[in-house]
Every structure is written in structure tokens, then in C-alpha cells.
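# Make a model of this:
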Amino acid sequence: MTTTAPATPRADTAHVIADDAEARAVAAELADAFRPGAAERDARRRLPRRELDRLSASGLLAITVPRAHGGAEVSAATLAEVFRLLATADPSLAQIPQSHFVYINVLRAQGSSRQREFFFREVLAGRRFGNAQSEAGTRHVQDIRTRLEPTEDGYVLTGTKHYSTGALFADWIPVLARGARDKLHVAYVPRDAPGVTVVDDWDGMGQRTTASGTVRLEAVAVPADRVVPHHLTFEGPQLHGAIAQLLHTAIDTGIARGALTEAAEFVRTQSRPWFESGFATAAEDPLLVQRFGELELRVRAAQSLLEAAARAVDAATGRLTDDTAAEASIAVAAAKAYAGETAVETGSALFEVAGTRAALDGLNLHRHWRDARTHTLHDPARWKVQHLGRYVLNGTRPPRHGLL
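Residues are numbered from 1 along each chain as shown. Next comes the predicted model:
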């Protein structure tokens, strides 16, 4: 589908979550609420506008706002668990706010006091950040060609972005662009600003309702106080990439758990036993029991690696040095590589254990594999493994490019 989508007005208030415990409880409650409609939303590609509005109103999208600005400032461990829980229910819905939290962190790292005060107030009120970051047809993912040019009273922004998850549903679209001397900046642009066009042309086989389409920026005027010098983040030890990748890891881990849970329910209630097993139900078949045990080991290991990575990020947040930042990035890389493999394997194994009927298109059980296979293409696990090897063998710290 290709449509040019208007912004959707929403309420201006949201609940403010107090602490980590409340954030986890609210996420679990919302996951339970979102789970029953996930298959239908995916099958019909019904965009989750109502669900996102409920997510905004719950206060979950403001949980990393610093306490000094009225937020809960939850730990990375809690943030990862929130994403994992949401992804067990609906990975597309979990993916949409990933960039929202990334660009809150950009403000925390490099925003001025006035920028932080303004935008954190926006976030606490339930406003959403999208993203306009990636570009298609360039040499590689970091070949950003969108330009931020100075004017007499600010800047003008010109370019085209793709895979812009969250932009269709956003109040603000953070745009990654190059300014003077090709330095990276983030411009925070209102979704309905003149010159901004958001196109609903995402046609992925998985994560079908993320609306990760195109954003066109045609001479968009940007005030100077809406631009953040993102390039400064990478001039010293940083956790920008580790936190962003931690959330991707949580989504993959959630996909794996959601797929295994649905596979078990299907086998218990609908699968027939193989005649040679000698048992009356498929759930008693010792070969199936063994396979479920193997898959459960993988999913538990993925969750354990996710939790360990989150602890490493929290430790580095408390004492940020080159060494702690490197350890956090490496821990997240290990968790991400393993979780991606586990999500794809579990989504595929669902059919192996559930049997022929599970392949019926109307059941939409293939959404788990489609979501896993699509999401794990975000960035290659092979390079994460490469950096793990360099780190353990030669003590080489991972690079500061924001994708580790």
C-alpha cells in the first residue's frame, strides 16, 4: 500500500509512571491486552493507531525521562523487559517506539538544557518521536545524504528517508542529517511541518504494521533550537548504540517467547499425535517433548543474555569509561546475535512441532517467523560475532559507530 498519510490528533495528557516496578507491571498488562488482536492486525495490515494511543496514554513512552525532569528514569534492565513483554504480544507494536527511546537518549546525551526541558515535557505529555534515519540507494547505511543547511534564522532540511519506523504515527520526527563539514546532526521536526511528507509504502513480509515507509523532506524550515549536534556523542565513550541494540535484542527475545508459547498451545489443543508414538495426544509424544525442551533452552538462554547485557549497560551508565562502554557494547552484541538466531529458529520450528495444519494461511502462525526474519535483517549478526572475536582474542574495543 502506498498512501500519503495525515497526522492524527490525540489527547495531550498521559499518565506518569513512577518507577521501574510500575513500568514492568504496565507493560505486562498492555501486552496481555494487545496479544489477542495481533494476528488479525498483521493479516489485515491494520495499523495499530488505537493501541499506540493506549501505549502513549499509559506513560510507558516516558519512562526514560530523567527524574530531574519528572520522569521515572528506569534502568536499562527495565526498559529491555518492557520491550520484551510487548514483543511477546505484537513485535510490530514493540518495534514502533524503539526509535522513540533512541532519540530521547540523543537529547539526554547532547541536548541543551532548554531542549531537554521542552522535549521531555512533550514526552511526558504523551507525544511520540518517530524516526527519519536510514536512506536507500546510498553506498552503505552510514552514507547519509540528507542535508541540514544554515539560513538566516535557523536551518533548512532536504532529503528522502526510508524504513522510517514510527514516523507515520509520530508527533515529532527526528531526522538524521549532515550539516557543516558533514557532521551528523539530529533535527526534531513536527510531523505536520510544511515540506514534510510521510508515505505509507512499507511492504515488508514481516513486521507488517510498523509502517516503516518513506519520509520526504522538501526545504523544511528548522529553528536552531530544534537541532542537536549528534556527532559529539561519538567523540568519547557512549552507550547510544548499546541501548538501541539492546531494544532490538529485547524484541527478538520476545518474538522467540511468543512463538514458543503459541506453538505449545497449538500442540496441546490442536495437533494430532504421530501414530508411531503410541500416545493419545501430541503433547505426550516424547520426541515432541524433547524438541520443546531444546527450544525452551534456547529461549531461556536468549533471555539470560538479554538480562546480562542490560546489566552491563546499567553498570556503564553509572560509570562511563572506554572500558565499561566497550563491555556494554560487547554484551549487547552477544545477546543480539544469539537472540536473532533463536527468534528465527523458534518461528520456523513452530511448524515442525505443530504439524501440517499449522501451515494453513488463515491461522497466520507464520507471522512469528516473518517478524523474526524481517527484524533480524536490521543489521548483520556476523559483524557482531566478528567484534566479539576481536575483543576476546586481541582486546580490541568495538568501534563507536552507534550500531554496537
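
# Can you name the residues that contact A180?
A180 sits next to P150 when contact means C-beta atoms under 8 Å, 6 or more residues apart in numbering. Where you see a C-beta, it was placed from the backbone N, CA and C, and this is true even at glycine.

# Name the nearest residue to V289, sequence neighbours excluded.
A283 (7.7 Å; C-beta to C-beta, 6 or more residues apart in numbering).

# pretty sure the one you found contacts F266?
No: the criterion here is C-beta atoms under 8 Å, and A283 misses it with F266 at 10.3 Å.

# Compare the two and say which is more crowded by neighbours.
F266 (20 against 15; other C-beta atoms under 10 Å).

# my guess is that one meets A358, correct?
Yes: under the criterion of C-beta under 8 Å, F266 lies in contact with A358, with a separation of 6.2 Å.

# Mutual contacts of the two, please.
Listed as contacting both F266 and A358 by C-beta under 8 Å, 6+ apart are 350, 365.

# coming back round to it: would you double-check that the residue nearest to V289 falls in a helix?
Yes: A283: assigned to a helix according to DSSP: H, G, I helix; E, B strand; the rest coil.

# show me where the stretch 251-400 of the chain has helices.
Assigned by DSSP state H, counting those that start in this stretch, the helices in the stretch 251-400 of the chain fall at 286-318, 322-354, 367-375, 381-394.

# by contact count, what packs against the first one?
When contacts are defined as 3 or more C-beta pairs under 8 Å, 6 or more residues apart in numbering; DSSP states H and E, helix 286-318 packs onto helix 76-89, helix 240-269, helix 322-354.

# Columns mean pLDDT on top of these, output as JSON lines?
Below are the helices and strands packed on helix 286-318 laid out as JSON lines (pLDDT from 0 to 100):
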{"stretch": "helix 76-89", "mean pLDDT": "98"}
{"stretch": "helix 240-269", "mean pLDDT": "98"}
{"stretch": "helix 322-354", "mean pLDDT": "98"}
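
# Nearest to E307 among these would be which one?
Of all the helices and strands packed on helix 286-318, it is helix 76-89 that lies closest to E307, at 6.6 Å by C-beta to C-beta.

# Would you mind getting the angle between the closest one and helix 322-354?
Per axes from the mean of the first three to the mean of the last three C-alpha atoms, to 10 degrees, the angle that helix 76-89 makes with helix 322-354 is 20 degrees.

# could you say what helices and strands helix 76-89 packs with?
Checking 3+ C-beta pairs under 8 Å, 6+ apart, helix 76-89 ends up next to helix 20-34, helix 91-95, helix 240-269, helix 286-318.
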